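Enquirer: give me a 3D structure for the following:
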Amino acid sequence: MNEATETAIQALQLPDEAFYAASDAPFEAVTGAIAPASDTVPPGVASTGPDSAPLNTEVPPVFALGLPRVVDVEHNPSIPGALALRLQGLRRWQVDLPQNLCFIMVDLHTGVVKTVTPMLPDKRMATPTPSRSGPEPSPFMRDATSHGVERFTLPDAFGPDWPSTAYAVTAIDYDWITNTVVVERRPPPDPAAEPFRTPSTFLQSASAGTPARVGVSLAVPASVRSGDGIRIEGVVHVPRTAIALAHSTEEPDEFVMAAELLLVQLDVAPPHRVSLGIPVEVTGDTVSATYAFDLATRPEGVGLAGDYQVYLVSGRSVAGPAPLTVLAR
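Expert: Residues are numbered from 1 along each chain as shown. Just a heads-up that it's a prediction; the model follows:
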């Protein structure tokens, strides 16, 4: 994560009232915080934000998420939010934001993962122009930048009652990923039973070993031929609060990490997905595991073709993106 994105994340930690209010005034400071050094607007450059300026290719992009800390389901079950964006002309040509913006939402009690795309064009609208249509931008236009704050509303993806206490939300734009924000439900729901998850029988032993640092890792082959194996593997070594844990349906005293593998294609929604129940070892507050499987042997892996960005989601943790290309024979 670059320094400009970290600045945007801090700037988006606004009072909850700012997200629900109609005024854009609280977000003007965020726009200023991510402005590039130059304030010269090149002629003919279209802006997706309030300001536009030429951006040297060495200046990093910004993709940051802000949400209220609490959603009051008795007054408004939807979640208003804001994205801080700084992107260049080449990126706008490569990845059309409205077609590829996706919000990953995780129920932190059950581990259920849902994807929401509220900014996709209405189906009644004309077919949007695919990403990478037409010639690549000129050297001048490819470095031109737009920056600003995009406000949005997330629907009640888990139902208007939001049945659990807290949810983790992350935005992805094909191969870009934001910070993860946790939203709490108020008033709290009635106590729920402990979740159970069946361990995935297709998982194999992985040889990745213990990671050098805390986190969830994900490794996929960069390129494979159609019909060949697609080995997905990784290591988990995190605090137990970082992931979604459930009791094993086979051994109630043992635990399973509830996870979802997402395969994201350019301009295609929703993502392909594979549900996983990864057996883990819990030592105090630390959870450890290795996992591996051949995606090509799963029903979800049949018919894959082209380029994908792969993510592994569990609780507050999102690993990826990891690029995968499935080539025709």
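Enquirer: relative to V236, how far out is E194?
Expert: According to Cβ to Cβ, to the nearest Å, E194 and V236 sit 20 Å apart. Yep, even glycine has a C-beta here, placed from its N, CA and C like the rest.
Enquirer: these two: which has the busier surroundings?
Expert: In this view E194 and V236 are compared by other Cβ atoms under 10 Å, and V236 has more residues nearby, 28 against 10.
Enquirer: my read: that one touches V214, true?
Expert: No - between V236 and V214 there is no contact under Cβ atoms under 8 Å: 9.8 Å.
Enquirer: I figured D72 hits V183, correct?
Expert: No - under the criterion of Cβ under 8 Å, D72 makes no contact with V183, lying 11.0 Å away.
Enquirer: with neighbour numbers in mind, choose between those two.
Expert: More crowded of D72 and V183, by other Cβ under 10 Å: V183, with 20 against 14.
Enquirer: give me every residue that touches that one.
Expert: 67-71, 79, 166-169 (Cβ atoms under 8 Å, 6 or more residues apart in numbering).
Enquirer: repeat the analysis, applying 10 Å as the threshold.
Expert: V183 sits next to 16, 67-71, 79, 81, 105, 108, 154, 162, 166-169 when contact means Cβ atoms under 10 Å, 6 or more residues apart in numbering.
Enquirer: same thing with I104?
Expert: Contacts of I104 (Cβ under 10 Å, 6+ apart): 113-116, 168-172, 177-178, 180, 260, 262, 271, 311, 313, 318.
Enquirer: any idea how far V73 lies from A193?
Expert: 20 Å.
Enquirer: neighbour count: these two, which is higher?
Expert: Higher neighbour count among V73 and A193: V73, with 18 against 7, using other Cβ under 10 Å.
Enquirer: not counting sequence-adjacent ones, nearest residue to that one?
Expert: Closest residue to V73 apart from its sequence neighbours, by Cβ to Cβ, 6 or more residues apart in numbering: W162 at 5.1 Å.
Enquirer: neighbours of the one you found, just the number please.
Expert: Using other Cβ under 10 Å, W162 is surrounded by 22 other residues.
Enquirer: from A222, how far out is R231?
Expert: Distance, R231 to A222, by Cβ to Cβ: 12 Å.
Enquirer: who has more neighbours, the two?
Expert: It is R231, of R231 and A222, that has more neighbours when counted by other Cβ under 10 Å, with 16 against 8.
Enquirer: you'd agree that one is up against D294?
Expert: Yes - applying Cβ atoms under 10 Å, one finds R231 in contact with D294, separated by 5.8 Å.
Enquirer: give me the common contacts of the two.
Expert: Each of Q204 lies in contact with both R231 and D294 under the rule Cβ under 10 Å, 6+ apart.
Enquirer: common neighbours of V236 and V214, please.
Expert: With Cβ under 10 Å, 6+ apart, V236 and V214 have common neighbours 242, 286.
Enquirer: quick one: mean pLDDT for the one helix or strand I232 maps to?
Expert: Per DSSP states H and E, I232 falls inside strand 231-239. In this model, strand 231-239 has a mean pLDDT of 96.
Enquirer: can you give me the buried ones in that strand?
Expert: Using 16 or more other Cβ atoms under 10 Å as the test for burial, strand 231-239 gives 231-238.
Enquirer: nearest to P279, out of the residues you listed: which one, please.
Expert: Of all the buried residues of strand 231-239, the one with the least separation from P279 (Cβ to Cβ) is V236, at 10.4 Å.
Enquirer: bridging across strands, which residues link to the closest one?
Expert: Under DSSP bridges, the beta-bridge partners of V236 are V216, A289.
Enquirer: I243: what's it in contact with?
Expert: For I243, the contacting residues are 106, 108, 111, 216, 236, 255, 257-259, 278, 280, 287, 289, 313-317, by Cβ under 10 Å, 6+ apart.
Enquirer: take those and keep only those in helices.
Expert: Taking DSSP state H, every one of these sits outside helices.
Enquirer: what's the spacing between the spatially closest residue to S248 that is not a sequence neighbour and S200?
Expert: Nearest non-adjacent residue to S248, counting by Cβ to Cβ, 6+ apart: E254, 4.4 Å away. Going from E254 to S200 by Cβ to Cβ gives 14 Å.
Enquirer: next: L262.
Expert: Distance from L262 to S200, by Cβ to Cβ: 16 Å.
Enquirer: which of those two has more residues huddled nearby?
Expert: Legend: neighbour count by other Cβ under 10 Å for L262 and S200, higher for L262 (23 against 17).
Enquirer: tell me which element the more buried one is part of?
Expert: Following DSSP H and E, one finds L262 within strand 255-264.
Enquirer: run the angle between that strand and strand 231-239 for me.
Expert: 130 degrees (axes from the mean of the first three to the mean of the last three Cα atoms, to 10 degrees).
Enquirer: what kind of secondary structure is E300 in?
Expert: Using DSSP: H, G, I helix; E, B strand; the rest coil, the structure places E300 in helix.
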